[in-house]
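Novice: Structure, please.
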Amino acid sequence: MPNHPQFSKPLEDGRLLCTLCPRACKLSDGQRGLCFVRQRKGNSITLMTYGRSSGFMIDPIEKKPLNHFLPGTPVLSFGTAGCNLSCKFCQNWDMSKSRELDILQSPATPEAIALAAREHDCRSVAFTYNDPVIFYEYAVDTAIACHELGIQTVAVTAGYISDLARAGFFEYMDAANIDLKGFSEGFYRELCAGSLQPVLDTLEYLVHETKVWTEITTLLIPGENDTPDELHALTSWIAEKLGPDVPLHFSAFHPDYRFTQRPPTSHQSLKQARGIALKNGLNYVYLGNVRDLENAATYCSHCGKTLITRVGYELKEWQVNEKGCCNYCGSKIPGVFEDQPGNWGNQYRRIKP
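Specialist: Now for the predicted structure:
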């Protein structure tokens, strides 16, 4: 395993500046950052959750969501506790907002996780449920162990990471789903206690400077980030800055955490968002957290034929050849495809490495 960089900088007042993420917490001895899992001990900042997880689940890769990365295959998923954003609408708040380490009942070394993935025929391991940026060292060490066994790795993250840490983290990731929560500084500041620009920087870095397969998710929250103007701005930016072939998932919000009085996202709102994205030139736009066969399917951006249909997370029609091309017109489909799709479908299985 590598010697990880120390993401800290001494300040004149004796505190240490945490340089892992844009939040830049300033810590006195014994103090934890907002993420709760990184604590100053003496002259360094330590990850308190290394080797401890809130549990391990084998999921469909499409649940991450990733529709163009090893479709149909099982992924071993796990997370820890805490988060470096404070989203009032968090859908995984029981883990990401936890301030108790006793939810971490599943100890496992990076090597044990990689072996478990191989034993259960998982093609990849996902760092998810809470943001893996804050458990950087554990995620990177696990990714290295996975790669040694030929298992790929997935980061499901808000992309809220510093310039200093970004390259070292994503060097070990094969795919990422970035949660682009909204498209205004006001949204990030007021609802997430964060900032939009670092997330945009992460997206541009991933698409233009790495080989990490990247997809984007935006949770549509009624009255907050779902206006036509904001969706036009968001999807236009993706098309212009990232290109038309980066898949975008619009997911339905359900009332949770501190947004329990908000209504769930309507199906019509999701379809309107997809229509705006397609009009702005995006080729692969999906709807999530709803049952919609038409808008969960993958279509060839060249001939328009249906390539992959999905019922939930189960693949049905498959018109992608062994070279990852459209069976009808031969056009290359962007993504990471194997000779044959997986058949994991809608299964879930809890395991203990």
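
Novice: and residue 107, backbone torsions?
Specialist: In terms of degrees, to the nearest 10, the main-chain angles of residue 107 are phi -70, psi 140.

Novice: Tell me how this structure divides into domains.
Specialist: 8-47, 52-351 (automatic domain parsing).

Novice: per-residue confidence at residue 102?
Specialist: Per-residue pLDDT puts residue 102 at 49.

Novice: Who does the residue nearest the centre of the chain form a beta bridge with?
Specialist: Ranked by distance to the mean C-alpha position of the chain (C-alpha atoms, centre = their mean), the top residue is residue 156 at 2.0 Å. Counting by DSSP bridges, residue 156 is bridged to residue 177.

Novice: Local confidence estimate at it?
Specialist: So residue 156 comes in at 98 (pLDDT).

Novice: Check which residues of stretch 167-183 are buried.
Specialist: Using 16 or more other C-beta atoms under 10 Å as the test for burial, stretch 167-183 gives 169-170, 172-183. C-beta: built from backbone N, CA, C; applies to glycine.

Novice: Buried deepest among the domains of the chain, which one?
Specialist: domain 52-351 (a mean of 19; mean count of other C-beta atoms under 10 Å).

Novice: partner strands of the strand of greatest length in the chain, parallel or antiparallel?
Specialist: The longest strand of the chain (DSSP state E) is strand 213-220. Using DSSP bridges, the strands paired with strand 213-220 are strand 175-179 (parallel), strand 248-252 (parallel).

Novice: picking up where we left off before, any chance of the domains of the chain in CSV, plus distance to residue 1?
Specialist: Converted to CSV, these look like this (distance: least, C-beta to C-beta, whole Å):
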stretch, distance to residue 1
domain 8-47, 13
domain 52-351, 5
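
Novice: Among those domains, which comes closest to residue 2?
Specialist: Nearest to residue 2 among those is domain 52-351 (7.2 Å), distances taken as C-beta to C-beta.

Novice: gap between the two ends of the closest one?
Specialist: The stretch domain 52-351 measures 14 Å between its terminal residues, going by C-alpha to C-alpha, to the nearest Å.

Novice: Pull the distance from it to the chain's centre.
Specialist: Its chain's C-alpha centre and that of domain 52-351 lie 4 Å apart, by C-alpha atoms, centre = their mean, to the nearest Å.

Novice: Wait, residue 127 touches residue 156, no?
Specialist: Yes: between residue 127 and residue 156 there is a contact under C-beta atoms under 8 Å: 6.7 Å.

Novice: tell me the SS of residue 143?
Specialist: Here residue 143 is recorded as helix under DSSP: H, G, I helix; E, B strand; the rest coil.

Novice: What pLDDT is listed against it?
Specialist: pLDDT for residue 143: 98.

Novice: same deal with residue 297?
Specialist: At residue 297, the pLDDT value in this model is 97.

Novice: List the residues that contact the nearest residue to it once chain neighbours are set aside.
Specialist: The shortest distance from residue 297 to any non-neighbouring residue, by C-beta to C-beta, 6 or more residues apart in numbering, is to residue 309 (4.8 Å). Contacts for residue 309 (C-beta atoms under 8 Å, 6 or more residues apart in numbering) come out as 293, 296-297, 315-317.

Novice: Residue 107 and residue 50, how far apart?
Specialist: 10 Å (C-beta to C-beta, to the nearest Å).

Novice: that older thread, mind checking what secondary structure the residue nearest to residue 297 has?
Specialist: strand.

Novice: pretty sure residue 278 is touching residue 285, no?
Specialist: Yes: using C-beta under 8 Å, residue 278 is in contact with residue 285, at 5.8 Å.

Novice: Just name the shakiest helix or strand of this structure by mean pLDDT.
Specialist: The helix or strand of the chain with the lowest confidence, counting by mean pLDDT, DSSP states H and E, is helix 93-96 at a mean of 48.

Novice: low-scoring pLDDT stretches of the chain, where are they?
Specialist: The chain contains residues with pLDDT under 70 at 91-105, 256-259.

Novice: the helices in this structure, which residues?
Specialist: 93-96, 110-119, 136-148, 163-170, 185-187, 197-209, 228-237, 267-279, 293-296 (DSSP state H).

Novice: packing partners for the fourth one?
Specialist: To tie it back to what came earlier, the one meant is helix 163-170. Helices and strands touching helix 163-170, by 3 or more C-beta pairs under 8 Å, 6 or more residues apart in numbering; DSSP states H and E, are helix 136-148, helix 197-209.

Novice: In PDB, list the C-alpha atoms belonging to that helix.
Specialist: C-alpha atoms of helix 163-170 as PDB (Å, rounded to 0.1, in the frame of the first residue of the first chain):
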ATOM      1  CA  ASP A 163      -7.200  20.100  -6.200                       C
ATOM      2  CA  LEU A 164      -4.400  18.700  -4.100                       C
ATOM      3  CA  ALA A 165      -6.200  15.400  -3.400                       C
ATOM      4  CA  ARG A 166      -8.100  14.900  -6.700                       C
ATOM      5  CA  ALA A 167      -5.500  13.200  -8.800                       C
ATOM      6  CA  GLY A 168      -4.300  10.900  -6.100                       C
ATOM      7  CA  PHE A 169      -7.800   9.700  -5.400                       C
ATOM      8  CA  PHE A 170      -9.100   9.100  -8.900                       C
END
